[in-house]
Structure formats: C-alpha cells, structure tokens
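Novice: Sequence and computational prediction follow.
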Amino acid sequence: MAYPPAARSSPPRQPSVKVILASADVQRVVDRIAHQILEKTQGAAETVLLGIPTRGAPLARRLASRISTFEDVAVPVGVLDITLYRDDLRRHATRAIGPTELPPGGIDGRRVILVDDVLFSGRTVRAALDALNDVGRPASVQLAVLVDRGHRELPIRADYVGKNIPTSLAESVKVTLAETDGTDEVKLYGGTTS
Amino acid sequence: MIRHLLSGADLDADTATEILDTAAEMATVAGREIKKLPALRGRTVVNLFYEDSTRTRISFEAAAKRLSADVINFSAKGSSVTKGESLKDTALTLQAMGADAVVVRHPASGAPHRLANWVDGSVVNAGDGTHEHPTQALLDAYTMRARLGRLAGLSVAVVGDVLHSRVARSNVLLLSTLGAKVTLVGPPTLIPVDIAAALAPGTDVSYDLDSVLPNVDVVMMLRVQRERMNDSYFPSAREYARRYGLDGPRMRRLPEHAIVMHPGPMNRGMEITPEVADSPRSTIVEQVTNGVSVRMAVLYLLLGGNNR
Amino acid sequence: MTAYLITSVSVVGAAPTDLLIRDGVVAEVGPGLSAPDATVIDGTGLVALPGLVDLHTHLREPGREDAETVESGSRAAALGGYTAVCAMANTSPVADTAGVVEQVWRLGREAGLADVQPIGAVTVGLAGERLAELGAMADSAARVRIFSDDGHCVADPKLMRRALEYVKAFDGIIAQHAEEPRLTEGAQMHEGEVSTRLGLIGWPAVAEEAIIARDVLLAEHVGSRLHVCHVSTAGSVEVLRHAKARGVRVTAEVTPHHLLLTDEVVSGRSELASPALANNWSPAGAYDPVFKVNPPLRTAADVAALRAALADGVLDVIATDHAPHAVEDKECEWAYARPGMLGLETALSIALDVLGPQWDLIAERMSRAPARIAGLAGHGVDPAPGVPANLTLIDPAARRTIEPAELASRSRNTPYARMTLPGRIVATFLRGEPTVLDGKAVK
C-alpha cells in the first residue's frame, strides 16, 4: 500500500515530446502501406480510398499517388466527413462539418479503404462506417491508418497500420502532414516526466 | 455558435458563411438515396406556427427530419392557441415537453424575441410580423452564391412592398454583412423611413425600377398584397404592376447573367409575370430546394453541439 | 390630531428651518421652534415641497380593479409625494356621468391617502361622437373641472370646438390626448429608424403635432383654455411655443418617461437621456412591452427638446400618465400589449434627474402649476403659516434601485425596473395627517 505522496518541492513536471516518425519515416511508412494495399487487393482493383478529414484526406491522396507510381493504376480517392455521425456531438460546441466527396464512380460494389491518421478508441471509424452506410453499399470495407496507438473502445481493427505506438492514456499522439500543417511528423506528447 | 436565430443581425460574416458552407454539404444529402443524417437524433424541434405558412413549415419539418430530430407541429388552428392561451403559457408548455428548439412563425413582430425569454431551447424566427425572416434571407444568399459564385460585390435590387416585408429586412441585413450592395425599389409609400440608418448604412433607395435594372446582378421581387391599395399605398394593382412589376421587356433590361428571385408565394400578374417567373433566370424553384438545406444547416449549427 | 415638528428642513430649497404642522395646517415656520406635544421628525438634509399634484393618473377603478384601485393608486401617489391626483375618465364604465365621477371621488375620500379629483369624459363612452353631460359632472359632488377623452383623441374638429366653448360656463378645461387617429392606425411605436428596424408600424410625430396645432387655433378662436396631455415631440414643443407667444390660453404636460427614455430602449438598447441612469442598466430584451406607451417613446432629439421646454416653461407640468396594467397585458407580444407605464412612485426621482436640485422649478412643474390648472384649492401652495399642510419631504441624497415587486401599485409595469434612481420620499402629509412616514405608507 502506497503512502500518500509527500508534498513535492521539486519544480513542476514538464510535458515531454518525443518524435516517433520524422519526415522521411512518414514517407517510408506511406510507401509501405501502399505496397500492402496493392498486395492485399490484387493490384487495387475495384478499390476506392476514402480519407477521413482532416488528415485522412491528404493521406488517402498520397496513398493513391504512391499506388499509381508503383503499379500505374489510378485508384479513385474521396473524402468522407463523419462529423454528423459522431457519438460525442453533444459534448462539444457545434462542430463545423467538412465536405464529403465521393469519386465519380461512387462506392457501390467497390472495396472501400477508409484512411485516417490515428486509430485510437475506434469511435471515428464506427462513425465512418455509419456514414458509409448512408452514402452507398460497398462490397467490403477496410481500414488504413498511419498510427495505431491502442486503447480501443469498440471491436475495430485496422487492415493496414503504418506504425504501432504503445501509449498510455495520459499521452497523446499528434500527426502533422505537409498538406495540412507544413511538415510530416508524428509526435508523442507525454503525460509528464519526473 | 449563436444560441437563437431571431434576426439577420444575429449573424456576423463568419457565422453566416459557416451556415452557407454547411448548407452546401447538407444539399448533397438531398441527392442521396438515404436522405437522412443522424446528427440531431433524440432532439425535439417544435414548429410553432401562429400563421398559416405551409411552405415554410414543411421546409423546416423536412430539414429537422433529415437530421433525425423529432418534430412536433403546433399550429394555431386546432390548438389551445385559439382558446386564448398566451404565448408565455405556450412557451412554458413547450419547455415542459423538452423542446430543444422552437421554430416560430407569428403575426406579431418581435414574438420570437419574447419567446426566447421564456424557453431554454433555441428559438428560430420563421417570420415575425413585418419584422424579419432570417432563414429566408439565408436561403436567398445561398441561391445567389450558388448561381453567381459569390456574394461580395453583388448588386441586388429588392423590389416591392419593403415596408411590410420581413424578407426585405432580413435580406438587407444579411446581404450587407456579406458584402453585397442592396438597392430597395418601390413606391415611396412602401419604403420605410430611415431604412439605411435602421439596417445597413450602404443601402440605397430608388423609386424607379427601370433605371436600376441594367446595373444589378440580382432582382428580388417581393410579394405585394392587392389589399394595400385599399390603404392608399398605391392607386391600383394595374398601376402598381405598370411601375414596379417585372415583365418580359423589363427582364430583358437586366444584364445577361442576372437572376430573378421571389420568396413566394407569387402574385402572378402583379409583381411578376408568368414569362419572368418561368424563365431560366428565375431561381424560384431552386429557392425552395435550397430552403431545406439552409434550414438543416441552421438547425444543425444551433442544436448539433452543446452550445450552452 | 397629532402635531408634527419637522426640524432643520429646507423648505423648497431655502436655508434649513423648522416647520410645525398642527390642526391640518402649517402652524409655524422658523428656526428653533419647540412644541412639546409634537412628534419630531428630523428634517436634516431633507427638502419640503408642497404636496405634488398629478394631472394625469389612471386609477383603473371601476372596471380593472385587478390592475389598480383608487386605494392602491392613492397609496402609490402618497409614496411618490403626491397629495392630489386627477383620475382619468377611461374606466369601465367610462366616467362620463355624474354618477361615475362621484363614485371615484367618494372612493378617493374613503381611501384618504390623496385627494382624488375625477376627470370627466368629453364624449359619451369616449366614442368621440357626442358630448357627455359635462355640466352635470361639473355640478356633482366631484366638482369636475378637467374633461378628457384620454386614451382617445377628440378628433372631430367640430366636437372639439364645441367642447372647448361649452366648458367655459363653469371654468372647465379640455385636456386633449393629441393623436390624429387616421395617422396612427395600427401604430405600435414611434415612426423612425427604430420602428423600421423592428418592423413595427410607426406612430408619426406629425399625428400629435397636427392635432395640437389645430387645437391651439381652435382654443384661440373660441377664447377657451386648452390643456395638452403628454407632449412627446420636438415639433409639438415648437407649436406650443408659437401658440403661447400668441397668447393662446394653452398649458401642456410632459411625462417623466418621455423626459428620460428613448425609442431605442424598445430595441433592447440602454439609450436614455441621462447617461448616469443608463449606467448599469439595460432593458430586459428587445420588444419588452413594459416600454409600450401612448404616445410612444420618441427619439433622443425629442427628449432633449422636451427637457429644454420643461426648463423654459413651454411645458408647464410634469404629469405621470400613471397607467397600471395587469401582468397578462404586458407579458405578451408587443402588438398585443396594452400601452402605458407606472409613474407615481418614480416621478419625483426622474424630475430630480432631469432638473437637478432646482426645487422651486420642481415645485412649480409638479405642484403649483398642476394645482392651478386643475383648480385644486389648498394644493400647490408652498408651506407657510396658515396654509393647508399638504406637503412632502424628500431626501435628495438617497438612491434606490427600483424593484417592481416592492411598488405599492397593484401592477408591476414600471419601465425603471433595476434602475437606480436619485431621491426618496421620506414623508407626505395630507391636510396635516401623514400618509407616508419613514418612506412607508401609513395605511
């Protein structure tokens, strides 16, 4: 049984920041996911990439671009905004909704790969599955994420994971991308260090 | 986000633009097989209508239902309203029923402002007396932006019975906020005093429709009730139509790209001829469609989050 | 009868002195008075004025006793420093017969809190069609001298002319509610920038000014006295100034609310003629019918003109137009609300804000002039040995924040809710008997 902590006289703890993936790492990870998609989908046939805003959208475009570089196939890319399907709308001030842009061929009968930056509780993906349900009927749905940090609250797993990062709930993972933030980087913000 | 939408003056440029942008996304739902979003599941929207206005009521009803809200229609007819229950008592009843939003149409100017004092939920003004109709102005702005690609710098003529028009007041406020230039046109008897000072300093007034038409991007015709001539606002419907009605020859004085709008319901032959109403310049049907998207956006932005 | 010795009190702003009230009259005035049998009131810092006289009060009885009664209204009057009020005729039934005016007069006597002087209707049922029995009301126990259709204008010029002429027989006076009815059909507030913004039908200033212009010409033509109720516009002031310069026998009143509030308060903005009072105060919201009144609140320019005219004498009187309304007639939509606001318990404070401590001018505008116009003997006379002891004591240094629920009126429709006003009535005496002591009604 632990004693209650004694009054501390040390200075307040500083939050720690750790770079998990630097810019070149992010590129490599995206390349790897692109290869895996090609491998698992027999050359990305009948496949549509749908990015979940904000950072899933540029990731999806990058994956499509890498896929076409590697195999010379044009994978349709779209954006799926899931704001209106979130289960925590009432807990925050009203969220602005983003665009949903389906590729011209639609998603019916296709293999849809949802793309997001971080997989955490799984609630975003749950919302995306609901949103998908309202815009069409894909043949199958897969999930690609840049980072999986664990702590799932729903029975959801990713088909393509760039990097598994074991985290504590006190920590947070922040992905930045050149398109949205100026640089490619994945950082882990610690709870605190002593 | 704002809590109520009572007046066009409640909206600054950022908020108005956010509503229009949200409406554009909501519009895509109308093209889907499943025209429904879950965002307002479990929320209750009351349509409290003290005036008959089927088109506005069903537009709000469709908007609320597409967002999965529960909708209660409470109209003055066949309800306790006709038995003389006060607005305040009605408000307390709606409050007790857990209304998250009250969409109110009322013949008395300012009734939505009063209602907002008595309910915890959001109040949306769906037209109050001769005051305002802010969602109409939003759908008009949406329609202009969709057709002409922008609002800033547009020149808009609002023609007719401005004095009694809630549509005109809301449009002057909103369009000015969004950078458009409004010219109010009508007989001097139907232009309210000090309108520019009252609403938006840049607003112009003209009594001569023909001189205004060649320089506008949008001409918005207001409904003019024939009964106004009994109160000497103008001598006759015929004279009104001749001076301020929009007919084919007048429409051809407009620039090539200009559009013709009308909030409906139209008095064909009074303020607008069938030739104009049914022309490709006319956006009258689009306005109705856009009304649902804009009202979805308003309801979502007021009710979608925790804005208390 | 108890005697009262008020010590070190400033009588109408003069140097402090003592004032002895005995047997219903002011017995002595002078420094160092002593009266062992008298109840002593320390008047240090207080100002004694002749009891205030209101030319324009709605007491609502008979007919709307839920909003006010003669008794509750008289109590509000006493608490406001008034010793006499003129009760308007728009009751139900209308005070257009000797019977009704005598009933109101008798109710006032029974209440015993202020002299209630009934005003008789000019026309039967206030309908503006034929003259009421003005002579019978004049000859009744109520001795009616002021006649008014207030709430309605005597719009028919022929009827107005006849009324002005007819009352000369008994030194009567017509108090006109100046409002050309055809120009104010459906009107909800002052016609101007704010009515345009709020989408409320306008009540144009010209509707008042046109009637005043017509009436001063009629009064001049027939050589009669005319009193103009609740003047509200700068244009009306100019018409009155012109008429007075010509020697027309016209007097005019202005209400406290038209001296302070502007039409902008209807839109929820705290725009008052007095920046000091606007501090820390704002309306409860737009379209609050507590600000609905007839004539309507006007612009800041009108308020400024009314204040100047009150100071220079074009406006003779501050009259309250105290108009109590039941809660349900105010807690509703603006258009459906009844016009009118409470005034008796706050009028002196507003006058103090408008005129400052010009006690002689306040006494003139709120007591002497209205008593003269109404012909009320014993009222409007400065405290001096031998005059009836109708007077009020004011603490000009006090400040009070108005809470509607604390008012003596049965109604709550004060426009000054939550406003902090200068001055407080400490005591009021009616013929030597206190109606208010220590700021509280005696009965």
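Specialist: Structure received.

Novice: report the longest helix in the chain, please.
Specialist: Going with chain A. Here the longest helix in chain A is taken by residue count, with DSSP state H as the criterion, and it is helix A:23-40.

Novice: Not quite, go with chain C.
Specialist: When every helix of chain C is counted residue by residue (DSSP H), the longest turns out to be helix C:205-222.

Novice: thinking again about what came up before, could you pull up the mean pLDDT of the longest helix of chain A?
Specialist: For helix A:23-40, the mean per-residue pLDDT is 96.

Novice: what comes up buried for it?
Specialist: Residues of helix A:23-40 classed as buried: A:25, A:26, A:29, A:30, A:31, A:33, A:34, A:37, A:38 (neighbour count, 16 or more other Cβ atoms under 10 Å in any protein chain shown). (C-beta placed from N, C-alpha, C; glycine too.)

Novice: Next one, pLDDT for the residue in chain A that chain B sits nearest to please.
Specialist: Closest approach between chain A and chain B, counting by Cβ to the nearest Cβ: residue A:94, at 3.4 Å. According to the predicted model, the pLDDT of residue A:94 comes to 88.

Novice: Against chain A, how distant is the one residue in the stretch 51-200 of chain C that gets nearest to chain B?
Specialist: Sorted by distance to chain B under Cβ to the nearest Cβ, the residues of the stretch 51-200 of chain C start with residue C:199, at 3.0 Å. Relative to chain A, residue C:199 is positioned 29 Å away (criterion: Cβ to the nearest Cβ, to the nearest Å).

Novice: ok, now which ones touch that residue?
Specialist: Taking Cβ atoms under 8 Å, 6 or more residues apart in numbering or on different chains as the definition of contact, the neighbours of residue C:199 are B:109, B:110, B:128, B:129, B:130, B:131, B:132, B:166, B:169.

Novice: Residue C:64 now?
Specialist: Going by Cβ under 8 Å, 6+ apart, residue C:64 touches C:91, C:92, C:326.

Novice: Do I have it right that the last one meets residue C:65?
Specialist: No. In terms of Cβ atoms under 8 Å, residue C:326 does not count as a neighbour of residue C:65; the distance is 10.1 Å.

Novice: Would you map the strands across the chain?
Specialist: You didn't pick a chain, so chain A it is. A:17-21, A:47-51, A:77-79, A:111-119, A:140-148, A:160-164, A:172-176, A:185-189 (DSSP state E).

Novice: Actually, chain B is the one I wanted.
Specialist: B:44-49, B:70-75, B:101-106, B:122-128, B:155-159, B:181-185, B:204-206, B:218-221, B:259-261.

Novice: can I get these in a markdown table with distance to chain C, mean neighbour count and mean pLDDT?
Specialist: Rendered in a markdown table, the data for these read as follows (distance: least, Cβ to the nearest Cβ, whole Å; neighbours: other Cβ atoms under 10 Å in any protein chain shown; pLDDT from 0 to 100):
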| stretch | distance to chain C | mean neighbour count | mean pLDDT |
| --- | --- | --- | --- |
| strand B:44-49 | 13 | 24 | 96 |
| strand B:70-75 | 16 | 18 | 92 |
| strand B:101-106 | 7 | 27 | 97 |
| strand B:122-128 | 7 | 27 | 98 |
| strand B:155-159 | 14 | 24 | 98 |
| strand B:181-185 | 11 | 24 | 98 |
| strand B:204-206 | 12 | 15 | 98 |
| strand B:218-221 | 18 | 27 | 98 |
| strand B:259-261 | 21 | 22 | 98 |
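
Novice: Where does the prediction get shaky in the stretch 201-350 of chain C?
Specialist: Per-residue confidence for the stretch 201-350 of chain C (pLDDT under 70) gives no ranges below the cut-off.

Novice: How about the residue in it that chain A sits nearest to: what's its closest non-neighbour residue?
Specialist: The shortest separation between the stretch 201-350 of chain C and chain A is 23.5 Å, found at residue C:285 (distances taken as Cβ to the nearest Cβ). Of all residues not flanking residue C:285 in the chain, residue C:268 sits nearest, at 5.3 Å (Cβ to Cβ, 6 or more residues apart in numbering or on different chains).

Novice: tell me the contacts of that neighbour?
Specialist: If you count contacts by Cβ under 8 Å, 6+ apart, residue C:268 has them with C:282, C:283, C:285, C:286, C:287, C:288.

Novice: Apply 7 Å and report the result again.
Specialist: Listed by Cβ atoms under 7 Å, 6 or more residues apart in numbering or on different chains, the contact set of residue C:268 reads C:283, C:285, C:286.

Novice: Can you say which of those are buried?
Specialist: Of all these considered here, the ones buried according to neighbour count by 16+ other Cβ under 10 Å are C:283, C:286.

Novice: Find the nearest non-adjacent residue to residue C:412, please.
Specialist: residue C:404 (4.0 Å).

Novice: What of residue C:256?
Specialist: Nearest non-adjacent residue to residue C:256, counting by Cβ to Cβ, 6+ apart: residue C:350, 3.6 Å away.

Novice: Spell out the secondary structure type for that neighbour.
Specialist: Recorded secondary structure, residue C:350: helix (DSSP: H, G, I helix; E, B strand; the rest coil).

Novice: Count residues in the vicinity of it, would you?
Specialist: When neighbours are defined as other Cβ atoms under 10 Å in any protein chain shown, residue C:350 has 27 of them.

Novice: Return the distance of it relative to residue C:302.
Specialist: Computed with Cβ to Cβ, to the nearest Å, the distance linking residue C:350 and residue C:302 is 16 Å.

Novice: Contacts for stretch C:272-279 next, please.
Specialist: Applying Cβ under 7 Å, 6+ apart, the external contacts of stretch C:272-279 come out as C:259, C:260, C:261, C:262, C:270, C:271, C:300, C:303, C:304, C:307, C:353, C:419.

Novice: What residues does the closest residue to chain A within chain B make contact with?
Specialist: In chain B, the residue found nearest to chain A is residue B:305; the distance is 3.4 Å by Cβ to the nearest Cβ. Under the criterion of Cβ under 7 Å, 6+ apart, the neighbours of residue B:305 are A:89, A:90, A:92, A:93, A:94, A:95.

Novice: so does the longest helix of chain C get close to chain B?
Specialist: No. Contact of helix C:205-222 with chain B is not found when judged by Cβ under 7 Å from any Cβ of the partner chain; the minimum separation is 11.0 Å.

Novice: How far off centre is the longest helix of chain A?
Specialist: Using Cα atoms, centre = their mean, to the nearest Å, the distance from the centre of helix A:23-40 to the centre of the chain it belongs to is 14 Å.

Novice: Could you list every helix and strand in contact with that helix?
Specialist: helix A:56-71, strand A:140-148, strand A:160-164, strand A:185-189 (3 or more Cβ pairs under 7 Å, 6 or more residues apart in numbering or on different chains; DSSP states H and E).

Novice: rewinding a little: apart from its neighbours in sequence, what residue is nearest the residue of chain B closest to chain A?
Specialist: Using Cβ to Cβ, 6+ apart and skipping the chain neighbours, the partner closest in space to residue B:305 is residue A:94 (3.4 Å).
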